[in-house]
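Chemist: build me a structure from this.
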Amino acid sequence: MSFLVVLIVDDPDNCPAILDAWEAMGVSGVTILESSGLGRYRQQGMREDMPLMPSLRDFFQQDEIRHRTLFSVVKDEAMVDKMIEVVQDVSGDLDQPNSGFLFVVPVVRAVGLNRKLED
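Modeler: Below is the predicted model:
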């Protein structure tokens, strides 16, 4: 059975080390999304004062703190265990605040998982 590993990385600076380690252990593909959680959303506050015709400067007045969400489908539970170990080596104990969040979902069917990318 395959597994979907979803990791929300709290500190985007940790992503390169996690991705390099996952690739070195044989994780063949990872999808990376920029994301932000509800806690950060509430902490930062969303801008309600945007003008009807905003300029670029209006958009850049407030930096939003972002996370990275990583998705990868792997073939076995042993790989999942290795991936979790690497994440905790890089990011610290995921049970601690502001370290990230990881969950795993069984994948009943995966099509295209075994294909190789062309150079």
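
Chemist: any idea how far residue 7 is from residue 95?
Modeler: 14 Å (CB to CB, to the nearest Å). Every C-beta, even on glycine, is put in place using the N, C-alpha and C of the backbone.

Chemist: tell me which helix or strand residue 112 sits in.
Modeler: Using DSSP states H and E, residue 112 sits within no helix or strand.

Chemist: near it, how many other residues are there?
Modeler: Number of residues near residue 112 (other CB atoms under 10 Å) recorded here: 7.

Chemist: same deal with residue 109?
Modeler: Neighbourhood size, residue 109 [other CB under 10 Å]: 7.

Chemist: for residue 102, same thing?
Modeler: By other CB under 10 Å, 18 other residues sit near residue 102.

Chemist: the nearest residue to it once chain neighbours are set aside in helix, strand or coil?
Modeler: Nearest residue to residue 102 in three dimensions, chain neighbours excluded: residue 7, at 4.6 Å (CB to CB, 6 or more residues apart in numbering). With DSSP: H, G, I helix; E, B strand; the rest coil as the basis, residue 7 sits in strand.

Chemist: who does residue 7 form a beta bridge with?
Modeler: Beta bridges link residue 7 to residue 70, residue 102, judged by DSSP bridges.

Chemist: what residues sit buried inside the longest helix seen in the chain?
Modeler: Longest helix in the chain, counting residues (DSSP state H): helix 77-91. For helix 77-91, the buried set under the neighbour-count rule, 16 or more other CB atoms under 10 Å, comprises 79-80, 82-83, 86-88, 90-91.

Chemist: tell me, how many neighbours does residue 34 end up with?
Modeler: Neighbours of residue 34 under the rule other CB under 10 Å: 10.

Chemist: which secondary structure elements does the particular helix or strand that has residue 68 in it sit against?
Modeler: Per DSSP H and E, residue 68 falls inside strand 67-74. Applying 3 or more CB pairs under 8 Å, 6 or more residues apart in numbering; DSSP states H and E, we find strand 67-74 packed against strand 2-9, helix 15-24, strand 31-35, helix 77-91.
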